[in-house]
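In: Build me a model from this:
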Amino acid sequence: MVEQIFKLTGGNDKVVEKIILDENLHYMHVIIKQSDGFPEHYTNAVVYMTVVRGIVSLQLDDQDYYAYPAGTVLKIPVNTKMNLNNFNPETLELILIKAPPPDVLPE
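Out: Residues are numbered from 1 along each chain as shown. This next block holds a predicted model:
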């Protein structure tokens, strides 16, 4: 086999899984229930975020929270302050891609 195969976890329970971590990119799959999220942090790479289902509520740098529905793809610059939450009753599912990955960013 030439290709590599990776599987994503399904369901509605909280999941933060690192699917691919290599020299080209970091590919992560996230499922978050209502009233959950990530602690405030600064992005350590350019983040490409795809909202697969639900609505993500994001506060970036000093902006207000904005809500992005399923089907939205966001590009978030490196070193951006981020608050990510699910304020909605529907389960939130995201794909996060960091490219280039943090360990190969130029200084």
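
In: check contacts around the residue nearest the centre of the chain.
Out: Nearest residue to the geometric centre of the chain (Cα atoms, centre = their mean): Leu96, 3.5 Å. By Cβ atoms under 8 Å, 6 or more residues apart in numbering, the contact set of Leu96 is 26-30, 47-49. C-betas here are computed from N, CA, C, even on glycine.

In: partners of the nearest residue to it once chain neighbours are set aside in the sheet?
Out: Excluding its sequence neighbours, the residue lying closest to Leu96 (Cβ to Cβ, 6 or more residues apart in numbering) is Met28, at 4.4 Å. Under the criterion DSSP bridges, Met28 forms beta bridges with Lys18, Leu96.

In: doesn't Val16 make contact with Met28?
Out: Yes. With contacts counted by Cβ atoms under 8 Å, Met28 reaches Val16, the gap being 6.9 Å.

In: out of the two, which sits in the busier spot?
Out: Per other Cβ atoms under 10 Å, whichever of Met28 and Val16 has more neighbours is Met28, with 19 against 13.

In: so where is this protein shaky, pLDDT-wise?
Out: For the chain, applying pLDDT under 70 flags the ranges 104-107.

In: got the residue ranges for the strands in it?
Out: Remark: strands assigned in the chain by DSSP state E are 15-21, 26-32, 36-42, 47-53, 55-60, 66-69, 73-76, 81-86, 92-98.
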